[in-house]
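Engineer: quick one: sequence and predicted model below, then my questions.
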Amino acid sequence: MPHVSSAEPPVTQRPWPVLGILSVGFFMSLLDGTIVNIAVPALIHGLDASYDQVLWVVDAYLLVFSVLLISTGRLGDMFGYRRLYLIGISLFTVASALCGLAGSPAQLLAARVLQGLGGALLFPQVISSILTIFPPRLRGRAFGVFGAIVGFAPIVGPIAGGFVLAHLGWRWIFFINVPVGVVTAVLTLRYAPAMRSGRTHRLDLTGVALATAGVAGIVFGLIEGERYGWGTIAGPISIASVVIAGFVLLGLFVVWQHAQRGEPLMPLSLFAGRAFAVGNWVGFVFQLGMIGIALVLVLHLQMARGYSPLQTGLVLLPGAVLTAIGSAYAGRLSDKIGGRYVLMAGMTLLAVGLLVLALTAGPHSGAGHLLPGLIIIGVASGATFAPLQQATMDGVDPRLAGAASGVSGTTRQIGGVLGTAVLGAVLSTRLSSALHDEAVERASRLPADLRTEFIENTTAGARRFSPPAPPDGLTPAKTALFERLGKEAFAAGFADAMHVTLLASAAVLVLAALCCLLFRPPRKETAPQAGAVPEAEITPHD
């Protein structure tokens with residue numbers, strides 16, 4: 001058996017620079033989850049790709065990334081966090097170069113799958129390293145940095161993507177990762193300590209297969225459900241059957257983990273501690289409600305108000321900056337009073353911010369009208385990301401840090417994907433009804449022969465999230481009138497649907513805030529905890 005010292009050794013005397021280095025790769029992996037969205041038209045034109053092919057290029061990264069977190073987190077426990085991080089950042093960098101060099105949609109898709117694998121390998125190792133290199137009294141501040149990146153990266157994606165597309169072309173969205181990845185790998189080798197949990201090197205392959213297939217079924221069904229109309233995929237296979245099969249496989253995975261007496265992929269002892277079990281539930285509900293904020297605002301600004309992707313990113317940027325700043329302060333506050341109270345306050349304030357947005361957003365509202373709600377949401381997000389991670393990981397044995405970070409990451413990814421599907425359905429359903437009413441109200445201002453087509457085309461905009469296009473063959477005057485009334489109807493209908501969706505998200509976040517009461521109050525630290533040790537201090541297990 002490996003020898004682990006009884007006291008937590010000083011893995012590194014300089015944890016903050018190490019965290020900074022590891023956070024670069026972490027930031028890149030999150031950024032590439034959103035930066036490609038803005039390049040969809042450029043990819044269609046540049047690679048002569050179909051819309052469905054490009055959507056797969058976007059979704060493949062998220063699918064692979066989400067599915068593998070449990071397995072890659074456990075691999076970090078067994079083979080070392082730095083080692084897995086280096087493999088992940090190296091693979092991510094090579095895949096980014098291949099993405100930029102791709103000459104066909106198939107080549108780009110394959111490279112994006114490799115990118116997702118690289119991101120999945122490095123992501124859990126950052127959380128595990130925080131538990132390893134920081135003493136308990138500083139972990140809140142460290143998770144503050146983590147939270148700042150989680151909140152900031154998705155907003156920077158559209159801004160950075162818009163700038164690169166305007167000046168360099170779509171390939172540089174990927175090429176720009178290459179020098180950053182190389183420098184990050186070199187700095188990691190130079191400054192990050194080599195560490196692992198001291199566990200024996202055995203991988204539960206049956207558990208990997210069950211967990212991967214189960215999560216893949218659920219995530220695939222939720223991502224692709226809208227594209228298939230939540231119906232049949234091929235033959236007897238439907239979206240519902242794929243999702244149900246995913247849950248069944250996850251159930252079998254849990255049963256298999258319970259039966260393992262050696263080294264399971266996901267030790268069920270993790271859930272014996274209330275903090276980890278409650279934290280995963282709160283994280284799931286939080287992502288379920290949180291994801292609707294960006295979804296609705298981006299659609300409102302781009303489709304209803306006509307903002308470009310770059311302009312949309314700039315409107316959302318102040319909130320992201322406040323999130324980054326607030327995460328650092330929330331982390332320090334969590335160290336003092338406990339993440340439970342900060343987390344509850346943050347989620348409650350998020351719900352308030354959504355209510356303010358629902359009151360101020362309308363068919364003619366621009367950036368100035370949205371700013372008060374965005375400021376509240378930015379501050380509240382900063383008070384949420386870091387305490388949530390800290391409260392979830394509180395009390396986790398550092399030797400199981402990889403498994404814990406993989407499980408928590410997967411839980412939140414599924415919550416986010418489910419939130420996108422559910423809130424997207426709520427928005428689409430309400431929008432269809434609202435657009436019909438708005439179209440009927442304005443149709444009387446059109447010539448009689450265009451009224452029925454105007455109502456049908458405007459109502460159909462709920463499926464495309466866009467205003468109706470005028471039919472061919474109209475005079476310029478009729479075309480302009482059709483377009484103007486269509487844009488007015490869409491803006492008014494979307495504002496109505498947006499209010500309903502924002503209120504639904506606020507209700508979900510209130511539920512998440514109430515769930516925080518299930519956390520135990522913070523207890524005073526009485527003794528140092530046992531932690532991971534440098535690889536050099538571990539006797540290898542033969």
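Structural biologist: Structure's in. What do you need?

Engineer: what's the neighbour count on Pro236?
Structural biologist: 7 (other C-beta atoms under 10 Å). From N, CA and C alone the C-beta is placed, and that goes for glycine too.

Engineer: so how far is Val242 from it?
Structural biologist: 11 Å (C-beta to C-beta, to the nearest Å).

Engineer: what's whichever strand or helix holds Glu456 in contact with?
Structural biologist: Using DSSP states H and E, Glu456 falls within helix 448-464. In this structure, residues lying in contact with helix 448-464 by C-beta atoms under 8 Å, 6 or more residues apart in numbering are 428-429, 431-432, 435-436, 438-440, 442-444, 446, 467-469, 471, 474, 478, 482, 485-486, 489-490, 493.

Engineer: now it, how far from the centre of its chain.
Structural biologist: Per C-alpha atoms, centre = their mean, to the nearest Å, the displacement of helix 448-464 from the mean C-alpha position of its chain is 35 Å.

Engineer: same check on stretch 25-39?
Structural biologist: Relative to its parent chain, stretch 25-39 has a centroid offset of 10 Å by C-alpha atoms, centre = their mean.

Engineer: for it, buried residues please.
Structural biologist: Residues of stretch 25-39 classed as buried: 25-36, 38-39 (neighbour count, 16 or more other C-beta atoms under 10 Å).

Engineer: what distance separates the start and the end of that stretch?
Structural biologist: Taking C-alpha to C-alpha, to the nearest Å, stretch 25-39 runs 21 Å from one end to the other.

Engineer: just to revisit the earlier point, pull the helix holding Glu456 out as PDB, backbone CA atoms only.
Structural biologist: In PDB, the C-alpha atoms belonging to helix 448-464 read as follows (Å, rounded to 0.1, in the frame of the first residue of the first chain):
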ATOM      1  CA  ALA A 448     -56.000  42.000 -47.200                       C
ATOM      2  CA  ASP A 449     -54.100  39.500 -49.500                       C
ATOM      3  CA  LEU A 450     -51.000  39.600 -47.200                       C
ATOM      4  CA  ARG A 451     -52.700  39.300 -43.800                       C
ATOM      5  CA  THR A 452     -53.000  35.500 -43.500                       C
ATOM      6  CA  GLU A 453     -49.400  35.000 -44.800                       C
ATOM      7  CA  PHE A 454     -48.100  37.600 -42.300                       C
ATOM      8  CA  ILE A 455     -49.800  35.900 -39.400                       C
ATOM      9  CA  GLU A 456     -48.500  32.500 -40.400                       C
ATOM     10  CA  ASN A 457     -44.900  33.700 -41.100                       C
ATOM     11  CA  THR A 458     -44.800  35.700 -37.900                       C
ATOM     12  CA  THR A 459     -46.100  32.800 -35.800                       C
ATOM     13  CA  ALA A 460     -43.500  30.500 -37.400                       C
ATOM     14  CA  GLY A 461     -40.800  32.800 -36.200                       C
ATOM     15  CA  ALA A 462     -41.100  31.100 -32.800                       C
ATOM     16  CA  ARG A 463     -39.300  28.100 -34.200                       C
ATOM     17  CA  ARG A 464     -36.500  30.200 -35.800                       C
END
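
Engineer: which parts of that helix are buried?
Structural biologist: 450-451, 454-455, 457-462.

Engineer: and it, what's its mean pLDDT?
Structural biologist: Averaging pLDDT along helix 448-464 yields 83.

Engineer: can I get stretch 469-482 in CSV, CA atoms only?
Structural biologist: Provided in CSV are the C-alpha atoms of stretch 469-482 (Å, rounded to 0.1, in the frame of the first residue of the first chain):
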residue,chain,number,x,y,z
ALA,A,469,-39.3,37.4,-44.0
PRO,A,470,-41.6,39.1,-46.6
PRO,A,471,-42.7,36.9,-49.5
ASP,A,472,-41.1,37.5,-52.9
GLY,A,473,-42.6,39.7,-55.6
LEU,A,474,-43.9,42.5,-53.4
THR,A,475,-43.4,46.1,-54.2
PRO,A,476,-40.7,47.9,-52.2
ALA,A,477,-43.3,49.8,-50.2
LYS,A,478,-45.2,46.6,-49.3
THR,A,479,-41.9,44.8,-48.5
ALA,A,480,-40.8,47.6,-46.2
LEU,A,481,-44.2,47.6,-44.4
PHE,A,482,-44.2,43.8,-44.0
